[in-house]
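> Pasting the sequence and the predicted coordinates here, then a few questions.
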Amino acid sequence: MKNDKNRTISGKVISDKMDKTVTVLIERKLMHPLYGKFITRSKKYHAHDEINQYSIGDIVLLEECRPLSKTKNWKVIDKV
């Protein structure tokens, strides 16, 4: 049963060296409050990949879940 209350985000896989874990880079663009120029903010998330099926360069969809480890609070749902 899928819970629709969990947040979902999409990003690019930048590392798949860990077992059952991928590192995903999320980039968002926002406007500078004074100069009006668009700037890019990025953040890396560790996400759970149960069968190690995603590799570097894949665009994936993440869903927030319960803490699976110290740094892992997201799981990979699907490849976009």
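Ah, there it is.
> and stretch 50-58, how far out from the chain's middle?
12 Å (CA atoms, centre = their mean, to the nearest Å).
> Okay, buried residues for that stretch please.
54, 58 (16 or more other CB atoms under 10 Å). All C-beta atoms are positioned from the backbone trio N, CA, C, and that covers glycine.
> repeat for stretch 14-33
Under the neighbour-count criterion of 16+ other CB under 10 Å, stretch 14-33 has 16, 21-24 buried.
> Now do the end-to-end distance for that stretch.
30 Å (CA to CA, to the nearest Å).
> Output the below-cut-off pLDDT ranges for the protein.
Residues of the chain meeting the criterion pLDDT under 70: 1-4.
> if we go to 90?
1-6 (pLDDT under 90).
> Contact partners for the spatially most central residue of it?
Centroid-nearest residue in the chain: residue 24, 4.4 Å away (criterion: CA atoms, centre = their mean). Counting by CB atoms under 8 Å, 6 or more residues apart in numbering, residue 24 touches 11-14, 44-47, 60, 62, 74, 76.
> top of these by neighbour count?
With neighbours taken as other CB atoms under 10 Å, the top of the contacts of residue 24 is residue 47, carrying 26 neighbours.
> which non-adjacent residue is nearest that one?
Distances taken as CB to CB, 6 or more residues apart in numbering put residue 74 closest to residue 47, at 4.2 Å, once the chain neighbours are dropped.
> for the one you found, which residues make a bridge with it?
For residue 74, the beta-bridge partners are residue 47, residue 64 (DSSP bridges).
> Nothing else from me, thank you.
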